[in-house]
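1. Generate a structure from the sequence data that follows.
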Amino acid sequence: SATLHALSYLDLLSRPTSNDMSDITITLCNPQSGASESMPVSSSMSIADCLEFSRALLGMEGDDLILVKDGKRLGGSTLSESGVQDGDLLVVMRPQAAAP
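-> Below is the predicted model:
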């Protein structure tokens, strides 16, 4: 429900974040619906938290979602470890929909 997504989003915004890395702006995209959201985040944000944002902002469901950048699944535990930089577009999808 929209209320659940809004609450999840607010919970994520209230979480403490590390200030040792500069903020970056990323765009999350749902290729199924075409919906996208740009937002400032800490480059030290975990991939798991980024996926929670995706579920809340894009109305996506499921625990099997992955983040893809330039056709490759993000492999690190944080955005910076995965090579995500300011201005990057991250596609949120299910693994079976990703290219091999």
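2. Lowest mean pLDDT among the helices and strands of this protein, which one is it?
-> Least confident helix or strand, the chain: helix 2-14 with a mean of 54, by mean pLDDT, DSSP states H and E.
3. Starting from that helix, tell me the next helix or strand along the chain.
-> Once helix 2-14 ends, the next helix or strand along the chain (criterion: DSSP states H and E) is strand 23-29.
4. What residues sit buried inside that next one?
-> Judged by neighbour count (16 or more other CB atoms under 10 Å), strand 23-29 contains these buried residues: 24, 26, 28-29. Every C-beta, even on glycine, is put in place using the N, C-alpha and C of the backbone.
5. Reformat these as CSV; add pLDDT.
-> Shown next, in CSV, are the buried residues of strand 23-29 (pLDDT from 0 to 100):
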residue, pLDDT
Ile24, 95
Ile26, 96
Leu28, 97
Cys29, 97
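6. Going by distance to Gln85, which of those wins?
-> Ile24 (6.5 Å; CB to CB).
7. I figured the closest one was touching Pro40, is that so?
-> Yes - look at Ile24 against Pro40 with CB atoms under 8 Å: they come within range, at 7.1 Å.
8. Now do the strands in the protein.
-> Assigned by DSSP state E, the strands in the chain fall at 23-29, 36-42, 66-69, 72-73, 89-93.
9. what about Leu57, distance to Cys50?
-> Distance from Leu57 to Cys50, counting by CB to CB, to the nearest Å: 10 Å.
10. Quick check: neighbours shared by the two?
-> Leu28 (CB atoms under 8 Å, 6 or more residues apart in numbering).
11. Name the nearest residue to Val92, ignoring sequence neighbours.
-> Nearest in space to Val92, with sequence neighbours left out and distances taken as CB to CB, 6 or more residues apart in numbering, is Ser54 at 4.3 Å.
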